[in-house]
Structures are given as C-alpha cells and as structure tokens.
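Enquirer: build me a model:
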Amino acid sequence: MIFYYSKENLKPRQAKLQRLLEVLPGACSWSILLGLIFLSIFFPFSAAILIVAFYLSWIMRLLYSTIFLVLSTLQLNIEGNTDWMRRIRGIDNLAGYLKEISSIKFGLHWRQRISHKIHLHQLNELKKCKILPPASKDIYHLVIFPVIKEGRDILEPAIDAISRQNLNLKQIVVIFALEERALPPVQNAVRELEKFYKNVFFECMTVLHPAVVPGEARVKGANATCAAKQAANFFQEHQIPFENVIISCFDADTVVSPNYFACLTYHFMVYPGRQHASFQPIPVYHNNIWIVPGFARVVETGSSFYQLIESTNPEKLVTFSSHSMSFKALVDVNYWPVDMISDDSAIFWKAYIHYDGRYKVIPMYVTLSMDVAAADNWWKTAKSVYKQKQRWAWGVENFPIVMRAFLKSKNIPLYEKLRLGFKLFEGHISWATSGFILSVIGWLPVIFARREFAVSVVYYNVPDIANTIFSLGFFAICVTIVLSLSLLPKTKIRYRWLIKLGHAFEWLLVPFILIFFSALPALHSQTRLMLGKYLEFWVTDKRRIPPTSSGIQEGKIT
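Expert: From the prediction side, this is the model:
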C-alpha cells in the first residue's frame, strides 16, 4: 500500500483526522486520571470498586510479566554460549548439516539440549519453505552511527567492539552519520576514527548530513537516512545486492558483544521472511552503570526487562532503540521518516504498512550495551533521564499516523488492525496513568471516604485486598531484583557483594520512579501532542568517567 508516513503536507480531510487522533491519547489519559480523582472525592464507593478492579488487572499483568521475564532471561542464558559461526556454516550446507545434527545430541546440560531443539526446529522450518538464504560469505553488514555531540570517549568503545567480532570484518561497512552542525572537536574525533579503522573493515566512512534540508526536521532519522542513501550508492558500485545486506542503526554509545553480528547473520539466514523483518536484540544499559545514581540504574534496568518480556511475543514486538533490519526493506519503504523523533519504532510501522502487514520483528537473545543517561550531578542526571523517557514516550506520535494508515488499508486483516491498534493505544494510556493510580490515586477513596462508605463491607475489605495484591507485587519485585543483579556486568571492584546489596535496596525507589520517570514524562508527551506543541529532538547526555577520575579506582570504589 502506498502511504506517506508523516503528519506533514496532508490534505484538509486527512489533516483534521490526524489532529483528532493526536488529541485522543492525551484526552483519554487525562479523563481517566481526573475522572478517578472526581469519583474518589464525590463517589468514593464507585471509585474504590474501579481501583480494586484496576489493582487486580495490574497484579495479573505483573505476575504474567514476571513469568515471561524469567523465561526470557533463561532463554538469554541458554543462548549465551552458542557457537553461531558453526551454525552459519551449517546453513550454507543445509541438507548435510540438518542430517548431521538430527542424528546426534548436543551436550548433556539442559541449556544445550533446549538450544539444540530450538535450532533444529528453525532449520526444519527453513527447509520446508525452500526460501534459502544467500551464502554466509555473501552477506554484508552495514552499521550506521548517527553522531552530533558524542566524543571519542563514547564512539571508540562502540567501533572497537565491532572490530572484535567473531565474523569476517571485511563483510562489515561502518558509516559515521555526522551532523554538519556538530562542533569541531566532535568532527575531528570522527575523522580520526574513520582513518584508524579504514582498513579494518570492508569500508569505514563518514557521511556529512547538511544542517538544513527542506522537508526535514532535526531528528536522528534524517541523519541516518542521508547515510543510508550514500550506502546504497556504495553497494550498487560494488555490485552487492541489497537483499544480501543487513543494516544496523546504532546509537553512538552502543557496544555489541563479540558474537552479535554472527548471531544476527544466523537469524537473518534461518528466518524465511528475512527480507520483511527487523531483528531486535536485548538492550542493556551497562556501559556506565557503576557510576550513575541508583534511580537511573533502576529506570534503565526496567527498560531492559520490558524488552525481555516483549521478546517472548514476536507477534506484538516493535523495534526499539538499536536494532537491525533488511537493507532491501529499508530502501523499499524509502528509509526512516525524516520528520519524526521516534524513528526506531516508526520504521517498524512504516514497513508494516508498506508490506500490508507482512512484516515482523524477530527477537534475538543476544545483548548490546548502551549508556545510562548521565550528567555532571544528581539533579542534571534526573533531568536527562526525564527528557530521555519523554522522548521515548513521544512514540505516541505514531498512533495517529498508524490509525490513518489502518483506515486506508484494505489488505491488512481487520483483526490485525484491531489487535495492533489497541495494543499501541492501550500501551501508551497505561504508561501515562498506571503509575499515578498505583502510587497516589489508589489511596484517595479511603482518604475522602464518607460515613456511609466507611461502614460498608467494601471499605473494610479494600485494605485486605490491597495487602494481598501488594504482597504478590512484592514477590514479583523480589524476582526482578534477583534477575537485575544477575545481569549486572562483572567488575573487579572491591566489596562487590556490598555494592550489589545496595543495588537491591535501590528497587525501593520503584514507587517514586513509576511517577516521575515513567508516568509523568509519558503524560507530558501525550499532553504536548494533544495541544499541538510538538516535541523537538533532544540528544541524551552521555558521560564516561575515566578510571583515574571516576569512583572506581584500583579495584575499589572511592
């Protein structure tokens, strides 16, 4: 379906529909919050019933999420030692390889047996569909790093990690998508890295994105699109089919594990619909996790856990942050939107609509590490985290565009429109309201209870119901704490167990975080969209402290 994925340059009728749909999420969130406050003051009995029902649905969702978080973490652990290169070479000779591994058992450990079973199932599905992938030696990786204010201390670890991949580096092309308005020290750092790694990869180049381009906003998607178009010319000159190229658009602070591109190559090869797919790894925020305030650690760990939970349901998974996709698909949909902030999720919806619903996200149980938003002090870090979450919540800008596309499309099944449209809408509404209801509004019926309510059965049972619900919630939080500690990166600092214990107690900040770093920025974004005060792109502050000046020195924390 031909659909212009933008809110700009619309016909009058479409512009009115777009504006109406922009108002809808914010209006709904505010109606829920103000409505519950009104009921709590004037009709506390009715409010109590609604809030208890909300508590019950919330705890069911929390327990459901906890179960799948555990399962997803186990899956991440299962694939942690997988020899992806061996599997890639096997797919190159699929018939013989399938016969070989079908007749033997891989290892005695339960993790190896589960991994082997999943692998065998994927190979059988590939063989059935008869859509074989290109040979592994003919598959190339394009990696784009959009850069505007990140210095060498941020960029060098990212590109150094790519140079340490368990994959032929001559199959990797790295592009620094450099903004023309970047300061001279940033531009110099990029040029130095380009020169140093020029001969390490198949190609390493810098593409300068002009400061002013008609029709473009100052967003990352415009910068990445400029670089990707230059890359298209490069692959055409070298006669490399777009079908054989996988593009990864990474934030400048993205540090990949040594097996990342081998794992990505495997998933690209083994999935029959590889040309209509994105590939989503698990983001963890470990680059500077030992030096940021506790609340920032909890916020970003929660973001990682959310992505782990989402990965268990590929049918509802949407691309997030650093991810990869078929370069052919990117070219087919005319690259990222150049006038939207939420490029990482927008590119999924753009591709899904372009291919009439025949597009999906494939989860990869491999991690890549990024920075926790950080600044010079606690207060500035809090503001940076808030702005980052507000920018993420600005993904609500996709809702009106997606709904317009769904109304226009005749090829996407109605059930899929309803399912995905509801998930997109409900997800943003829940994001903006749940924290307020759980932490503040839920207690208002008791505070404003009138005498007739105070002597009712509901009044006396609400505390018991609430205690039961929060006991189950506490259990889920305990599981989350254990998993968060298990995912922390290894370090040689002294008294590490004491530091981990301190991190566990940081989760007591969850009620505070739910309001100020989740619900409030989400409501803020929806309110701005509702009022037509569109958000401008803001680059997250990133800070690395050298070992000689950080709190981590000579194996101890100072």
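Enquirer: tell me how far Ile67 lies from Leu308.
Expert: 12 Å (CB to CB, to the nearest Å). Heads up, the C-betas are built off the backbone N, CA and C, glycines and all.
Enquirer: of these two, who's got more company?
Expert: Higher neighbour count among Ile67 and Leu308: Leu308, with 26 against 14, using other CB atoms under 10 Å.
Enquirer: can you tell me the helix or strand for the more buried one?
Expert: If you go by DSSP states H and E, Leu308 is part of helix 294-310.
Enquirer: next SSE downstream of that helix?
Expert: As assigned by DSSP H and E, the chain's next helix or strand after helix 294-310 is strand 323-326.
Enquirer: contacts for that following strand?
Expert: 243, 245-249, 264, 268, 274-281, 319, 344, 347, 351, 361 (CB atoms under 8 Å, 6 or more residues apart in numbering).
Enquirer: only whichever of those residues are buried, select them in ChimeraX.
Expert: Per 16 or more other CB atoms under 10 Å, the buried members of the contacts of strand 323-326 correspond to this ChimeraX selection:
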select :245,246,247,248,249,264,268,274,275,276,277,278,279,280,281,319,344,347,351,361
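Enquirer: sorry, back to before: what residues of the helix holding Leu308 count as buried?
Expert: 295-305, 307-310.
Enquirer: out of those residues, which is nearest to Trp110?
Expert: Nearest to Trp110 among the buried residues of helix 294-310: Leu308, at 20.0 Å, using CB to CB.
Enquirer: now the nearest residue to the closest one once chain neighbours are set aside: how far from Glu79?
Expert: Leaving aside its chain neighbours, Leu308 sits nearest to Ser72 (4.1 Å; criterion: CB to CB, 6 or more residues apart in numbering). Taking CB to CB as the measure, Ser72 and Glu79 are separated by 11 Å.
Enquirer: between the two, which contacts overlap?
Expert: Joint contacts of Ser72 and Glu79 (CB under 8 Å, 6+ apart) are Tyr365.
Enquirer: circling back to that earlier point, counting contacts, what elements does the helix holding Leu308 pack onto?
Expert: Applying 3 or more CB pairs under 8 Å, 6 or more residues apart in numbering; DSSP states H and E, one finds that helix 294-310 makes contact with helix 44-78, strand 277-284, helix 378-393, helix 457-487, helix 496-505, helix 510-514.
Enquirer: after the third one, heading C-terminal, what element do we hit next?
Expert: The first helix or strand that comes after helix 378-393 along the chain, using DSSP H and E, is helix 398-408.
Enquirer: and that following helix, what does it pack against?
Expert: helix 12-42, helix 343-354, helix 414-439.
Enquirer: can I get those helices in TSV including distance to Asp253 and mean pLDDT?
Expert: TSV is the format used below for the helices and strands packed on helix 398-408 (distance: least, CB to CB, whole Å; pLDDT from 0 to 100):
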stretch	distance to Asp253	mean pLDDT
helix 12-42	30	96
helix 343-354	14	96
helix 414-439	24	95
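Enquirer: what about the closest residue to Thr312 other than its chain neighbours, how many neighbours?
Expert: Excluding the flanking residues, the one nearest Thr312 by CB to CB, 6+ apart is Phe68, at 4.4 Å. Neighbour count for Phe68, taken as other CB under 10 Å: 16.
Enquirer: returning to what we had before: select, out of the helices and strands packed on helix 398-408, the one closest to Val143.
Expert: helix 343-354 (15.2 Å).
Enquirer: how much does the closest one deviate in direction from helix 398-408?
Expert: Interaxial angle, helix 343-354 versus helix 398-408 (axes from the mean of the first three to the mean of the last three CA atoms, to 10 degrees): 0 degrees.
Enquirer: circling back: contacts only, for the residue nearest to Leu308.
Expert: Leu308, Ile309, Ser311, Thr312, Tyr365.
Enquirer: against Glu179, how distant is Ala48?
Expert: 53 Å.
Enquirer: show the pLDDT at Asn288.
Expert: Here the pLDDT value assigned to Asn288 is 85.
Enquirer: hang on, I meant Arg164
Expert: The per-residue pLDDT reported for Arg164 equals 96.
Enquirer: got it, and the one 3 residues further on?
Expert: At Leu167, the model reports a pLDDT of 95.
Enquirer: just the one 3 residues further on next, same as before
Expert: The model reports Lys170 with a pLDDT of 97.
Enquirer: make 876 the first number, not 1, from now on.
Expert: In the new numbering, first residue 876, that becomes Lys1045.
Enquirer: so how far is Ile1019 from it?
Expert: For Lys1045, the distance to Ile1019 - CB to CB - is 18 Å.
Enquirer: which one's more surrounded, these two?
Expert: Ile1019 (23 against 13).
Enquirer: which helix or which strand is home to that one?
Expert: Per DSSP H and E: strand 1015-1022 holds Ile1019.
Enquirer: partner strands of that strand, parallel or antiparallel?
Expert: The strands that strand 1015-1022 pairs with in its sheet are strand 1047-1054 (parallel), strand 1120-1124 (parallel) (by DSSP bridges).
Enquirer: in its sheet, which strands sit next to the helix or strand just after the shortest one, and in what direction?
Expert: Per DSSP H and E, strand 1120-1124 leads on to strand 1130-1131 as the next helix or strand towards the C-terminus. For strand 1130-1131, sheet partners with direction are given as strand 1235-1244 (antiparallel), following DSSP bridges.
Enquirer: and the strand it pairs with, C-alpha only, in CSV?
Expert: The C-alpha trace of strand 1235-1244 is given here as CSV (Å, rounded to 0.1, in the frame of the first residue of the first chain):
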residue,chain,number,x,y,z
LYS,A,1235,7.5,-8.7,11.8
VAL,A,1236,10.2,-8.3,14.4
ILE,A,1237,12.4,-11.3,15.2
PRO,A,1238,13.8,-11.3,18.8
MET,A,1239,17.4,-12.2,19.2
TYR,A,1240,18.6,-13.4,22.6
VAL,A,1241,21.9,-11.5,22.5
THR,A,1242,22.6,-8.3,24.3
LEU,A,1243,24.1,-5.0,23.3
SER,A,1244,25.1,-2.4,25.9
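Enquirer: list the residues that contact Pro1158.
Expert: Contact partners of Pro1158, counting by CB under 8 Å, 6+ apart, are Ser1178, Ser1179, Gln1182, Phe1195, Ser1196, Ser1197, Thr1242, Leu1243, Ser1244, Met1245.
Enquirer: with distance to Leu1395 added, can I get the helices and strands packed on helix 1273-1283 in a markdown table?
Expert: Formatted as a markdown table, these follow (distance: least, CB to CB, whole Å):
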| stretch | distance to Leu1395 |
| --- | --- |
| helix 887-917 | 11 |
| helix 1218-1229 | 21 |
| helix 1289-1314 | 8 |
